[in-house]
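*Asks:* The sequence isn't on hand, but the structure is:
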């Protein structure tokens with residue numbers, strides 16, 4: 001187990017040191033994270049409305065029960 005633990009530590013150390021020494025890569029990672037935020041958060045808020053937002057609680061229960069009972 002010590003061989004695997006040592007190998008895991010060395011791999012993690014390799015990546016940690018690589019990320020610390022990045023210069024251009026940090027900017028690229030920030031751009032990637034901002035794009036992911038826009039895609040998953042902003043687009044979801046403005047373009048993907050909840051399916052059952054305008055239904056009463058009774059109608060929601062009926063829809064869920066129908067979906068559960070008709071599932072294969």
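*Replies:* Done, it's in. Owing to the predicted nature of the structure, the values given are computational and were not obtained by experimental measurement.
*Asks:* Pull the contacting residues for residue 17.
*Replies:* Listed by C-beta atoms under 8 Å, 6 or more residues apart in numbering, the contact set of residue 17 is empty. To be clear about C-beta, it is placed using only N, CA and C from the backbone, and glycine gets the same treatment.
*Asks:* Pull out the buried positions in the helix or strand hosting residue 9.
*Replies:* According to DSSP states H and E, residue 9 maps onto helix 2-20. Judged by neighbour count (16 or more other C-beta atoms under 10 Å), helix 2-20 contains no buried residues.
*Asks:* Quick check: mean pLDDT of it?
*Replies:* Average pLDDT, helix 2-20: 88.
*Asks:* Please tell me how far residue 4 sits from residue 10.
*Replies:* 11 Å (C-beta to C-beta, to the nearest Å).
*Asks:* Ok, residue 27 next?
*Replies:* 28 Å.
*Asks:* Ok, residue 67 next?
*Replies:* 49 Å.
*Asks:* ok so, going back, buried ones in whichever helix or strand comes after the helix holding residue 9?
*Replies:* Sequence-wise, the next helix or strand downstream of helix 2-20 (DSSP H and E) is helix 24-37. Of all the residues in helix 24-37, not one is buried under the rule 16+ other C-beta under 10 Å.
*Asks:* contacting residues around helix 24-37?
*Replies:* Contacts for helix 24-37 (C-beta under 8 Å, 6+ apart): 19, 22.
*Asks:* what angle sits between that helix and helix 2-20?
*Replies:* Here helix 24-37 runs at an angle of 90 degrees relative to helix 2-20 (axes from the mean of the first three to the mean of the last three C-alpha atoms, to 10 degrees).
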